[in-house]
Structures are given as C-alpha cells and as structure tokens.
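Trainee: pasting the structure only:
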C-alpha cells in the first residue's frame, strides 16, 4: 500500500511499507529516517476514556490520541526524509512505547531513498 505524505502543498513523499515501490527503482539509499513524538492523555481524556470503558466498545478518546500521535510521527518522518534529499521512504514501520504511565512515545521509521520511474 502506498501513502502520500504532504509536508508542504507541493512537496509529495511516497511512503511504502515494503522495500520497493512498484513501477519505480531505487537509485540511491540515504539511510534510516525517523519521526518521534511523545504524547500524554489529558485529565479530561482520561475521564472520558474511563467512562467509555464502563460501557465497552471503541474508546474514541484514546483512538483520537493514537491517530494524532501516529500522524505527527509520520509527518516528522517525511520531513526528516525530505531534509535528507529523499523523494520516498521504503520499509516504513511504526513502534510505540509507554515511557511512563499515561505518556507514550510513537516512532515512525524507515529507509530514505531516491526513486525513479522504471
């Protein structure tokens, strides 16, 4: 699956979870790139999450937090690759770790490359 990352309106970055991009060839590897963010739940978010957990189902307060953190890490990843001269990222992955209770680090990482159409 390909995702397009828009850093600035005109700056497009192709990001792939595989090690290649169909229809393109990698002509240069720039190395590992990453985007890291650290987020915490607000008191209000914790209360809303606790109330939702009583009734079961999707915990929208936590889903929003997770989506926001992943998007921020993804945007930072793309920015890092662009600053290194890449036009694509291959082998992209996410990782998350709880640093302490209620504080989570989200990491997006991959390999910055320059690709050209085949």
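Mentor: Done, it's in. In this text the structure is predicted, and so the values were computed from the model without any measurement.

Trainee: name the residues of the helix or strand encompassing residue 14 that come out as buried.
Mentor: Using DSSP states H and E, residue 14 sits within strand 12-16. For strand 12-16, burial by neighbour count (16 or more other C-beta atoms under 10 Å) applies to 13, 14, 15, 16. No exception for glycine: its C-beta is placed from N, CA and C like everyone else's.

Trainee: so which of those residues comes closest to residue 116?
Mentor: Of all these, residue 14 has the smallest distance to residue 116: 11.6 Å, by C-beta to C-beta.

Trainee: wait, doesn't the closest one sit right on residue 115?
Mentor: Yes. Residue 14 lies in contact with residue 115 (C-beta atoms under 8 Å); the separation is 7.0 Å.

Trainee: sorry, back to before: now the buried residues of strand 12-16 in JSON lines, with distance to residue 36 and pLDDT?
Mentor: Shown next, in JSON lines, are the buried residues of strand 12-16 (distance: C-beta to C-beta, whole Å; pLDDT from 0 to 100):
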{"residue": "13", "distance to residue 36": "17", "pLDDT": "90"}
{"residue": "14", "distance to residue 36": "21", "pLDDT": "94"}
{"residue": "15", "distance to residue 36": "16", "pLDDT": "95"}
{"residue": "16", "distance to residue 36": "20", "pLDDT": "95"}
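
Trainee: which parts of the protein are strands?
Mentor: Here the chain has its strands, by DSSP state E, at 2-6, 12-16, 24-40, 88-100, 103-117.
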